[in-house]
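> how does the following fold in three dimensions:
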Amino acid sequence: MTWWGKVVGGTFGFVIGGPLGAAFGAAVGHSFDRGLSGSSHTTSQTEQIQAAFFTATFSVLGCIAKVDGRVTESEIKLANAVMEDMLLDEDQKRVAKKLFGEGKRSDFDLNGVILQLKACCGRRRNLIRMFLEIQINAAWADGSYHPNEVSLLEQIGNQLGFDQEELRKLISMVGAKSQTRKTVQEDEISLGQAYAILGVSETTADKDLKKAYRRLTNQHHPDKLVSKGLPEEMMKVATERTYEIRTAYEVIIKEREGKKV
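Residues are numbered from 1 along each chain as shown. Sure, this is the predicted structure:
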C-alpha cells in the first residue's frame, strides 16, 4: 500500500509534524487529521518521505506562482499538468489544490517547509534535485523568469544545498526542457536546446558528453527515485524527463556523426 493509501485507510502512523504537517493538515481538514492521530500503525521511512515530498511540491508550487505578484493561468495549468502527470485521483487532486492554496498564503512558512524537506530527504540529492526542477518548471510556466521568481529559486536552491553555479545551470537546463515539453521528438528539438538540456556545450568532448548523459539519466531514473522516496504517482514525471534527456543526447550524437561522414 502506498503512503496515500495508508492515509485514506487511516493506517498512516502519523502525519509529518512541523511546517509540512501544518500544511498537510490544513489541506486534508482538521477532522481528518484528528482521525489519523490516534492510529497505532507505523509507516516506513520511504512512505514518510513520499508524504513530505508530495506536501512540499504542491505547497511550494503555490508560493512560486504568487511571488511575482499574481498567479497566471499558465502557472495554474502547470500545477494541473503535474497533477495529471501523477494520475492523481479526485481526492488527491483536491488535497494538491488545497496545498497549492496554502503556499499562496502570506503566512506560508516557506523556509520551514524547505528545511524540513531537506532533513526528510537526507542525502537523497537526486530526489531533492527533482523537487527543485519541478519548482523551476513552475517559474518558467509563462515562458520567462520573473526577477522575484529567480530570487526565490536561488533562496530555495541555497537552502537545499545547491550553489549559484549549479542552480544557474539547472535553471538553463529546465528552461530548455520546458520549451520541448509538448513536442519531444528528435526532429523537433534544436541542437542548441539539446545541448542546454544536457547542460553541455558544442565544445564538450564525446567522452564528457556521454558522462553528462549517463549522470543525468541516473539522476532521473524513475525506479531509483521512487526507491529514494519519490511518490510512486510521480513516476511519469521522471520517465518523461529521462526520455527528454535521451532524445537530446541522440540529437547531438546524430549531428556529430554526420560531421564525421
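
> in this protein, where is pLDDT below threshold?
1-2, 6-15, 30-43, 85, 175-188, 231-234, 261 (pLDDT under 70).

> now the helices for it?
If DSSP state H is used as the criterion, the helices of the chain fall at 3-9, 18-28, 30-37, 45-66, 73-85, 90-104, 110-121, 125-139, 147-159, 164-179, 191-198, 206-219, 222-228, 235-260.

> which one of these is the most hemmed in?
helix 45-66 (a mean of 24; mean count of other Cβ atoms under 10 Å). From N, CA and C alone the C-beta is placed, and that goes for glycine too.

> from the contact counts, what lies against that helix?
helix 3-9, helix 18-28, helix 73-85, helix 90-104, helix 110-121, helix 125-139, helix 147-159, helix 222-228 (3 or more Cβ pairs under 8 Å, 6 or more residues apart in numbering; DSSP states H and E).

> which of the ones you listed sits closest to A196?
Comparison of these against A196 by Cβ to Cβ identifies helix 125-139 as nearest, at 13.1 Å.

> that closest one to helix 45-66, inter-axis angle?
Counting by axes from the mean of the first three to the mean of the last three Cα atoms, to 10 degrees, helix 125-139 lies at 20 degrees to helix 45-66.

> now do helix 125-139: distance to the chain's middle.
Its chain's C-alpha centre and that of helix 125-139 lie 4 Å apart, by Cα atoms, centre = their mean, to the nearest Å.

> now do it against helix 147-159, angle only.
Angle of helix 125-139 versus helix 147-159, following the same axes, to 10 degrees, is 170 degrees.

> mind exporting helix 125-139 as CSV, just the C-alpha atoms?
The C-alpha coordinates for helix 125-139 follow below in CSV (Å, rounded to 0.1, in the frame of the first residue of the first chain):
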residue,chain,number,x,y,z
ARG,A,125,20.3,14.5,-3.6
ASN,A,126,18.7,13.3,-6.8
LEU,A,127,15.3,13.4,-5.1
ILE,A,128,15.9,17.0,-3.9
ARG,A,129,17.1,17.9,-7.5
MET,A,130,13.8,16.5,-8.9
PHE,A,131,11.8,18.7,-6.4
LEU,A,132,13.8,21.7,-7.4
GLU,A,133,13.3,21.0,-11.1
ILE,A,134,9.5,20.9,-10.6
GLN,A,135,9.7,24.3,-8.9
ILE,A,136,11.8,25.8,-11.7
ASN,A,137,9.3,24.5,-14.2
ALA,A,138,6.6,26.4,-12.4
ALA,A,139,8.6,29.6,-12.6
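
> relative to C63, which of the helices and strands packed on helix 45-66 is closest?
That would be helix 90-104 among those, by Cβ to Cβ, at 4.0 Å.

> does anything pack onto that closest one? Which helices or strands?
Judged by 3+ Cβ pairs under 8 Å, 6+ apart, the packing partners of helix 90-104 are helix 18-28, helix 45-66, helix 73-85.

> and of those, who's closest to V150?
helix 45-66 (10.8 Å).

> quick one: the closest residue to S201 other than its chain neighbours from A141, how far?
In this structure, S201 finds its nearest non-sequential neighbour in Y195, 6.0 Å apart by Cβ to Cβ, 6 or more residues apart in numbering. Using Cβ to Cβ, to the nearest Å, Y195 is found at 23 Å from A141.

> what of A238?
Remark: distance between A238 and A141 (Cβ to Cβ) = 19 Å.

> what do you get for L110?
Separation of L110 from A141 (Cβ to Cβ): 18 Å.

> swap in Q155?
Distance of Q155 to A141, computed by Cβ to Cβ: 19 Å.

> quick one: the residue lying closest to E154 once chain neighbours are set aside from S59, how far?
Leaving aside its sequence neighbours, E154 sits nearest to L167 (Cβ to Cβ, 6+ apart; 6.1 Å). Using Cβ to Cβ, L167 is found at 21 Å from S59.
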